[in-house]
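Q: Attaching a predicted model along with its sequence, questions to come.
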Amino acid sequence: RALFQVRFSHPVNTAEFEKRLVLTYDQPCSSSFFSVGKCASEKFTVSYDKLRLIATLQSEPLPIPEKNRPAILSLTSGAVAQKGGPALRNDLSRAVDIPGLYSLSISGIEPTIVTGENGEPEHVMQVSASMPVHEREMARVVQAWLLPATEEAKGDPEEKFDWSADPAKVTDAVLRRAKKLNLQPIASEREVTEMVSFRMPQAEGGRYLLVRVAKGLKTPGGYQLGAAFQDVRLLKTFAPELSIMSQGSLLALSGERKLPILVRDLPGIRLEIGRLLPQQLQHLVTQTSGDFAHPQFYGGLQSDNLVDRFQKEIPLSIPAGKAHYETVDFAEYLRSDVADRRGVFLLKVQGYDPSAKKKPQGNAGEGQSEEEQQEQSSGDEDNADGNAEGANPEQQVDQRLVLVTDLGIVAKKSLDGTRDVFVQSIASGQPVAGALVEVWGRNGMIVASQSTDATGAAKLPNLAGYQREKAPVVLVVRKDGDLSFLPFNRSDRTLDI
């Protein structure tokens with residue numbers, strides 16, 4: 001049906017308005033009022049809103065023309081308001097195109113990567129049409145092939161051919177070498193929609209995809225695709241991923257003391273475990289920014305100034321897109337001396353390529369802060385233009401402060417400036433008696449100390465008078481070689497109740 005809407009400045013005289021209307025195809029009616037009756041008008045109906053300020057004209061059901069065809073509504077001058085007044089001076093006409101039988105078209109084909117229900121990435125192709133199409137009808141006419149990596153059957157595998165630059169070279173002989181994909185339609189919220197998605201479980205990142213949509217695709221309204229559609233697209237490679245799993249920084253000293261690492265599409269990972277040296281907590285607290293679990297050093301100080309560093313390289317061979325998990329066991333890096341286990345670690349995981357040549361230790365980044373290095377690494381990622389295949393594995397980095405301890409700390413500041421400190425076992429939840437609670441100044445000297453009683457509580461004095469090198473920066477709790485700490489005046493460690 002052709003639908004027109006006419007708006008008026010005043011309630012219209014319906015009789016005068018309707019006798020000046022003509023609906024025609026292809027050409028408008030003559031502009032003369034006396035010739036209106038001579039025009040062969042198509043049948044239509046007119047309805048009005050309550051105030052007669054809007055008229056809606058609707059034609060009878062129209063056959064689908066072979067080609068696009070305009071339906072033209074003509075209104076000659078002379079229409080007047082219901083209460084009289086000046087009449088319409090000029091003739092008006094408006095046209096609306098009736099889509100032709102073969103007006104259906106494919107507006108685009110977009111291969112992309114999504115995360116599946118199992119958390120794994122997968123290749124998906126989205127086929128968009130100019131009109132809503134039933135998903136089963138689209139699945140009937142869409143085919144896809146994974147084109148060969150080389151133009152010639154015996155070509156050098158390292159010299160990949162760009163099929164999108166010259167799609168005409170995709171001949172029947174090339175298709176015989178290509179791999180036809182099993183497309184799996186993805187059910188959408190509506191069965192009839194403009195875009196239909198397909199899973200491509202056999203697709204390979206970095207390869208070219210040939211997609212064909214056969215002639216004859218039909219909409220529920222009867223419109224058809226008049227000519228076959230073909231497109232060649234490059235499939236994206238899965239993005240590498242490297243992350244330290246779980247949240248927070250605490251690992252129970254009496255537990256497994258292990259932390260899982262998620263790896264995807266990397267040839268290897270490098271673990272750097274920095275074990276904090278004694279009497280360095282004050283520097284870790286005062287010379288870093290960020291939250292407790294992700295301290296970022298600034299200025300000239302780096303983690304190398306504060307730690308014993310252990311390094312481990314793990315070569316990997318992982319199927320494309322599949323998640324792989326490695327585990328860091330901190331029990332290997334705790335000191336065997338039970339009087340000083342030293343359980344504060346700075347963990348850094350980074351991708352690396354085992355086949356690449358090692359860089360000399362004194363590289364250009366040595367004089368940069370860790371925050372600047374991270375910004376530079378982020379800039380390198382942006383310059384990769386989304387090509388994960390050619391990305392440097394070392395761009396994938398994650399860091400975490402890990403505290404292996406069984407001492408949980410809660411400190412409450414009273415109105416008079418004193419602090420009540422409560423220490424409990426992370427493993428059992430019971431109060432820890434006999435733990436030594438210390439307050440360290442900026443220079444690492446102890447400015448106040450107190451042992452916990454049977455309820456795990458210790459009371460510290462008002463420390464407002466300590467300034468400069470004695471300004472309190474960290475609360476340290478120790479017992480039997482175990483150590484835990486809590487920074488002073490850090491927003492992410494504070495709860496205002």
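A: Structure's in. What do you need?
Q: who's the closest residue to Lys180 other than its chain neighbours bridged to?
A: Taking Cβ to Cβ, 6 or more residues apart in numbering, and ignoring the residues beside it in sequence, Lys180 has Trp145 as its nearest neighbour in space, at 5.3 Å. No exception for glycine: its C-beta is placed from N, CA and C like everyone else's. Beta-bridge partners of Trp145, counted by DSSP bridges, are Lys180, Leu210.
Q: Now do Trp145, the pLDDT please.
A: The pLDDT attached to Trp145 in the predicted structure is 95.
Q: where in this structure is pLDDT low?
A: Per-residue confidence for the chain (pLDDT under 70) gives these ranges: 29-39, 337-339, 357-390, 491-497.
Q: and with 50 instead?
A: Regions of the chain meeting the criterion pLDDT under 50 cover residues 32-36, 361-367, 369, 371, 376-387, 497.
Q: Show me which strand runs longest in it.
A: Ranked by residue count under DSSP state E, the longest strand found in the chain is strand 121-134.
Q: Walk me through which strands that strand pairs with, and which way each runs.
A: strand 106-115 (antiparallel), strand 192-199 (antiparallel).
Q: Off-centre distance for that strand?
A: Its chain's average C-alpha position is 20 Å from that of strand 121-134, according to Cα atoms, centre = their mean, to the nearest Å.
Q: List the buried residues in it.
A: Pro121, Glu122, His123, Val124, Met125, Val127, Ser128, Ala129, Ser130, Met131, Val133, His134 (16 or more other Cβ atoms under 10 Å).
Q: Please apply the same query to stretch 57-67.
A: Residues of stretch 57-67 classed as buried by neighbour count (16+ other Cβ under 10 Å): Leu57, Ser59, Pro65.
Q: what about Glu137, is that helix, strand or coil?
A: Using DSSP: H, G, I helix; E, B strand; the rest coil, the three-state assignment for Glu137 comes out as helix.
Q: same deal with Val439?
A: Bear in mind the rule, three-state DSSP; under it Val439 is strand.
Q: Do you have the strands of the stretch 1-150 of the chain handy? List them.
A: If you assign secondary structure with DSSP state E, counting those that start in this stretch, the strands in the stretch 1-150 of the chain sit at 3-7, 21-25, 44-48, 54-59, 69-75, 92-98, 106-115, 121-134, 142-146.
Q: Between those, which one is closest to His294.
A: For the strands of the stretch 1-150 of the chain, the distance to His294 is smallest for strand 106-115, at 23.9 Å, taking Cβ to Cβ.
Q: distance between that closest one and the chain's centre?
A: 16 Å.
Q: again with stretch 163-175
A: The gap between where stretch 163-175 is centred and where its chain is centred comes out at 33 Å by Cα atoms, centre = their mean.
Q: Same question for stretch 306-314.
A: Distance, stretch centre to chain centre, for stretch 306-314: 32 Å (Cα atoms, centre = their mean).
Q: With stretch 198-210 instead?
A: When distances are taken as Cα atoms, centre = their mean, stretch 198-210 is centred 20 Å away from the chain's centroid.
Q: Ok, stretch 394-408 next?
A: Between the mean C-alpha position of stretch 394-408 and that of its chain there is a distance of 24 Å (Cα atoms, centre = their mean).
Q: do stretch 79-86 as well
A: When C-alpha coordinates are averaged (Cα atoms, centre = their mean), stretch 79-86 and its chain have centres 60 Å apart.
Q: For it, which outside residues touch it?
A: 8-14, 16-17, 20, 52, 87-88 (Cβ atoms under 8 Å, 6 or more residues apart in numbering).
Q: rerun at 10 Å
A: Applying Cβ atoms under 10 Å, 6 or more residues apart in numbering, the set of residues contacting stretch 79-86 from outside is 6, 8-21, 52, 87-88, 92.
Q: What residues sit buried inside it?
A: Applying a neighbour-count criterion of 16+ other Cβ under 10 Å, one finds Ala79, Val80, Ala81 buried in stretch 79-86.
Q: quick revisit: which one of the strands paired with strand 121-134 lies closest to Thr327?
A: Go through those one by one with Cβ to Cβ and the one that ends up closest to Thr327 is strand 106-115, at 23.4 Å.
Q: Next up, phi/psi of Ser303, please.
A: Summarising the backbone geometry of Ser303 under the convention degrees, to the nearest 10, its torsions are phi -60, psi -30.
Q: Count the residues that sit near it.
A: The number of residues packed around Ser303, counting by other Cβ atoms under 10 Å, is 19.
Q: still on that earlier bit, just the buried ones among the contacts of stretch 79-86, please.
A: Buried positions within the contacts of stretch 79-86, assessed by neighbour count (16+ other Cβ under 10 Å), are Val6, Phe8, Val12, Asn13, Phe17, Arg20, Leu21, Arg52, Leu88.
Q: Can you tell me which of those is nearest Glu117?
A: The shortest distance between Glu117 and any of these, using Cβ to Cβ, involves Val6 and amounts to 51.5 Å.
Q: need the strands paired with strand 121-134 in TSV with distance to Gly248 and mean neighbour count, can you?
A: TSV is the format used below for these (distance: least, Cβ to Cβ, whole Å; neighbours: other Cβ atoms under 10 Å):
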stretch	distance to Gly248	mean neighbour count
strand 106-115	24	15
strand 192-199	36	18
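Q: Need those strands in TSV (columns: distance to Leu217).
A: Compiled in TSV, the strands paired with strand 121-134 are given as follows (distance: least, Cβ to Cβ, whole Å):
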stretch	distance to Leu217
strand 106-115	8
strand 192-199	11
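Q: just to revisit the earlier point, and Lys412, which of the strands of the stretch 1-150 of the chain is closest to it?
A: Proximity to Lys412 (Cβ to Cβ) singles out strand 106-115 among these, at 42.8 Å.
Q: Roughly how far does the closest residue to Ile318 other than its chain neighbours sit from Leu242?
A: On the basis of Cβ to Cβ, 6+ apart, the spatially nearest residue to Ile318 that is not a chain neighbour turns out to be His324, at 4.7 Å. Remark: distance between His324 and Leu242 (Cβ to Cβ, to the nearest Å) = 10 Å.
Q: Quickly list what's touching both of the two.
A: By the contact definition Cβ under 10 Å, 6+ apart, His324 and Leu242 are jointly contacted by Ile261, Leu262, Val263, Arg264, Asp265, Leu266, Ile269.
Q: sec struct for the first one, please.
A: Going back to what we said before, that points to Ile261. At Ile261 the chain is in strand, as set by three-state DSSP.
Q: That one: neighbouring residues, count only.
A: In terms of burial, Ile261 registers 20 neighbours under the definition other Cβ under 10 Å.
Q: is it true that Phe422 touches Val432?
A: Yes: under the criterion of Cβ atoms under 10 Å, Phe422 lies in contact with Val432, with a separation of 9.2 Å.
Q: any common contacting residues for the two?
A: Both Phe422 and Val432 are in contact with Gly408, Ile409, Thr452, Thr455, Gly456, where contact means Cβ under 10 Å, 6+ apart.
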